[in-house]
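> just a sequence and a predicted model for now, questions to come.
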Amino acid sequence: AANGAVNGAVNGAANGAATPPHPQTTEPPATTGLSLPPQNNSPPQIVQAAAPNPPVSVAVSTPPQSPNQQVIEVKNESSNNPFAIVGVLFLGLPLWLLLASQVFFTPPAVDTSAQVTASTQIVLPASVAKSAASPSGVVVLSQPITKAEVRGLFDLWNDALKTGDPATVAKRYGKDGVLLPTLSDVPRTDFEGIKDYFVGFLSKKPVGKILEGEIYVGNNWAQDAGIYEFTFENGSKVKARYSFVYAYEDGQWMISHHHSSLMPQEVVRPTKITETEVRALFDLWNDALHTGEPYTVAARYSKDAVLLPTLSDKARYTTDEIADYFVGFLKKKPDGKILEGNIKIGPNWAQDAGIYEFTFENGSKTRGRYSFVYTYENGKWMISNHHSSIMPEPAVAAFRKAAELEKTVAAKEVPVVSENVEVKQVPVATENVEVERVPVATENVKVEQAPVMTEKIEIKAEEVTGVEA
């Protein structure tokens, strides 16, 4: 009603429509309602405001309680406007939803004393706590570790290999660690089993190096998987695939799982070869002898071959050393021939052992014992081991004969007659004596012919005449 009265007064003043003046009164305003100055006791008047504002009806009446006061009733015809209803709903609905959410959907209060901190332990359910995968029902929250630190765990394992102690290597594995080794079909699931595998592996003095790998870090565990390479004391190298799973146990990172396997594409399938083809490998070596070139012969040997030659005490391990031996041997222009032998064939290797004979340019011949071990390398069959030796029985017989001859010569004393020896004539009890040539019995002494006396000598009985020869 107050707003209607104010709007009517404003609209009337703005449009120049004058309302009848109300007589002034000195009576104080009522304590309740809106009081206006007293007016004439005339019927209520309706004042309409001019356009452009919407018409507003104003009814002025005198309250029955007091004959000296009049109350104005204001009726706003715009209260039935649909746009006003939509506006009220548009503004009121969100406010109602907000208040309702606070009253009916307020979450319960959280006890801050039970908040989890970094040092709080979590107790797993009984169904999980006693599983084989987790021997303890208590799990400590994540122990931070970087990828570089994970890769450093391999270095610790590699340093253990360098000690040469299998027990030291086995200590790098967790108490429930599992090892699936490269060259053994037996899974190793305890300390003794893991240590046993490394007894043989460490005899080769391996040094490992990761060529490539991918690292993933989890909650108190980490994984490093890829390809590593080992270099052994003899210079050989081998690649393999690896998977390390590390777990944080008792304050340190341990190997929980280690799986190592051969490179599948580098594992060469056995190449078939017959006994005839194995024997023909000797012919290739013999043809190389015919060239007279030491390095052509040495090229028939593999890069890691060993030659134990017939007439040299020195073992030959390199291409240069093998070629050096054949420098002298090829000067005799040898031609070899196998007299007898035995052949054995394995996966990518073959053995031919027996007796061969060489004929030289001067026509002489010699026999020897031989052992050839061939291996299949880079698509070719090569000599991996060649052992040659003299025939032992004739050699032993010759050694014995030479030893006996030396003993005989040392023990036997041979008398020697010198050329310039004065020989006295033996007294002869005959008259006519003809002195003939004197025989000389000597050994290994050059004796010239002694002068021969052919004259007749008369010897008297009473005297003896000496003759100098």
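Received it, and whenever you're ready, just let me know what you need.
> how about the helices in the stretch 101-250 of the chain?
Applying DSSP state H, counting those that start in this stretch to the stretch 101-250 of the chain gives helices spanning 126-129, 147-162, 166-170, 191-202.
> rebuild the ones you listed as CSV, extending it with mean pLDDT and mean neighbour count.
Yep, even glycine has a C-beta here, placed from its N, CA and C like the rest. Formatted as CSV, these follow (pLDDT from 0 to 100; neighbours: other Cβ atoms under 10 Å):
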stretch, mean pLDDT, mean neighbour count
helix 126-129, 48, 10
helix 147-162, 97, 15
helix 166-170, 97, 20
helix 191-202, 96, 17
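> want to try a markdown table for the ones you listed, with distance to Trp221 as columns?
A markdown table is the format used below for the helices of the stretch 101-250 of the chain (distance: least, Cβ to Cβ, whole Å):
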| stretch | distance to Trp221 |
| --- | --- |
| helix 126-129 | 16 |
| helix 147-162 | 10 |
| helix 166-170 | 20 |
| helix 191-202 | 19 |
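> between these, which one is closest to Gly363.
helix 191-202 (53.1 Å; Cβ to Cβ).
> what's opposite the closest residue to Phe244 other than its chain neighbours in the beta bridge?
Nearest non-adjacent residue to Phe244, counting by Cβ to Cβ, 6 or more residues apart in numbering: Asp224, 4.6 Å away. Note on Asp224: beta-bridge partners Ile215, Phe244, judged by DSSP bridges.
> distance of Asp224 from Ser243?
Distance of Asp224 to Ser243, given as Cβ to Cβ, to the nearest Å: 8 Å.
> out of the two, which sits in the busier spot?
Between Asp224 and Ser243, counted using other Cβ atoms under 10 Å, the more crowded position is Asp224 (21 against 15).
> which ones are touching the more buried one?
Shown in contact with Asp224 (Cβ atoms under 8 Å, 6 or more residues apart in numbering): 150-151, 153-154, 210, 213-215, 242-244, 246.
> could you do Leu156 as well?
So Leu156 contacts Arg172 (Cβ under 8 Å, 6+ apart).
> OK, contacts around Tyr242?
Per Cβ under 8 Å, 6+ apart, neighbours of Tyr242: 210, 213, 224-228, 258-260.
> list only buried entries from these.
Applying 16 or more other Cβ atoms under 10 Å to the contacts of Tyr242, the neighbour count classes 210, 213, 224, 228, 258-260 as buried.
> any stretches of the stretch 251-400 of the chain with poor pLDDT?
267-268 (pLDDT under 70).
> rerun at 90
Flagging of the stretch 251-400 of the chain using pLDDT under 90 yields the residue ranges 264-271, 303, 311, 347, 377-379, 392-400.
> in strands, which of the buried ones among the contacts of Tyr242 fall?
Those of these mapping onto strands are 210, 213, 224, 228, 258-260, per DSSP state E.
> farthest pair within those residues?
Spatial extent of those (Cβ to Cβ) is set by the pair Ile210 and His259 at 14.7 Å.
> would you agree Gly174 is in contact with Gln252?
No: under the criterion of Cβ atoms under 8 Å, Gly174 makes no contact with Gln252, lying 9.7 Å away.
> rewinding a little: want to throw the ones in strands among the buried ones among the contacts of Tyr242 into JSON lines with distance to Val199?
Shown next, in JSON lines, are these (distance: Cβ to Cβ, whole Å):
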{"residue": "Ile210", "distance to Val199": "24"}
{"residue": "Gly213", "distance to Val199": "27"}
{"residue": "Asp224", "distance to Val199": "25"}
{"residue": "Tyr228", "distance to Val199": "21"}
{"residue": "His258", "distance to Val199": "17"}
{"residue": "His259", "distance to Val199": "20"}
{"residue": "Ser260", "distance to Val199": "16"}
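> from those residues, which is closest to Ala323?
Using Cβ to Cβ, Tyr228 comes nearest to Ala323 of those, at 36.4 Å.
> tell me what that closest one is bridged to.
Beta-bridge partners for Tyr228, by DSSP bridges, are Ile210, Ala240.
> give me every residue that touches it.
Going by Cβ under 8 Å, 6+ apart, Tyr228 touches 154, 208-211, 213, 239-240, 242.
> pLDDT wise, what is it at?
Tyr228 carries a pLDDT value of 97.
> what does Gln115 give?
So Gln115 comes in at 51 (pLDDT).
> from what I can see Thr168 touches Ala160, true?
Yes: under the criterion of Cβ under 8 Å, Thr168 makes contact with Ala160 at 4.9 Å.
> just the helices in the stretch 351-469 of the chain please.
Secondary structure of the stretch 351-469 of the chain (DSSP H, counting those that start in this stretch): helices at 392-411.
> how about the strands in it?
Assigned by DSSP state E, counting those that start in this stretch, the stretch 351-469 of the chain shows strands spanning 365-377, 380-390.
> could these go into TSV alongside distance to Thr291?
Shown next, in TSV, are the strands of the stretch 351-469 of the chain (distance: least, Cβ to Cβ, whole Å):
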stretch	distance to Thr291
strand 365-377	19
strand 380-390	16
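> output those strands as JSON lines; include the columns mean neighbour count and distance to Ile85.
Shown next, in JSON lines, are these (neighbours: other Cβ atoms under 10 Å; distance: least, Cβ to Cβ, whole Å):
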{"stretch": "strand 365-377", "mean neighbour count": "18", "distance to Ile85": "97"}
{"stretch": "strand 380-390", "mean neighbour count": "17", "distance to Ile85": "100"}
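> nearest to Val396, of these?
Per Cβ to Cβ, nearest to Val396 of the strands of the stretch 351-469 of the chain: strand 380-390, 10.1 Å.
> partners of the closest one, with directions?
By DSSP bridges, strand 380-390 pairs with strand 301-308 (parallel), strand 365-377 (antiparallel).
> next, format these as TSV and append distance to Phe83.
As requested, these are arranged in TSV below (distance: least, Cβ to Cβ, whole Å):
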stretch	distance to Phe83
strand 301-308	99
strand 365-377	97
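> quick one, which of the ones you listed is nearest to Glu393?
With Cβ to Cβ as the measure, strand 365-377 is the member of these nearest Glu393 (10.7 Å).
> the inter-axis angle of the closest one versus helix 392-411?
Orientation of strand 365-377 against helix 392-411 (axes from the mean of the first three to the mean of the last three Cα atoms, to 10 degrees) gives an angle of 140 degrees.
> show me where the stretch 51-200 of the chain has its strands.
Under DSSP E, counting those that start in this stretch, the stretch 51-200 of the chain gives strands at 57-61, 71-75, 122-123, 138-139, 173-180.
> average pLDDT for the fourth one?
Looking back up the chat, that one is strand 138-139. The pLDDT scores in strand 138-139 average 56.
> you'd agree Gly321 is in a helix?
Quick fix: residue 321 is Glu, not Gly. Yes: residue state for Glu321 (DSSP: H, G, I helix; E, B strand; the rest coil) corresponds to a helix.
> quickly note the distance from the closest residue to Gly164 other than its chain neighbours to Phe232.
Taking Cβ to Cβ, 6+ apart, and ignoring the residues beside it in sequence, Gly164 has Leu202 as its nearest neighbour in space, at 5.2 Å. Using Cβ to Cβ, Leu202 is found at 11 Å from Phe232.
> next one: Leu289
Leu289 is 34 Å from Phe232, by Cβ to Cβ.
> just the strands in the stretch 201-350 of the chain please.
With DSSP E, counting those that start in this stretch as the criterion, the stretch 201-350 of the chain has strands spanning 207-217, 221-231, 237-249, 252-262, 301-308, 335-346, 349-359.
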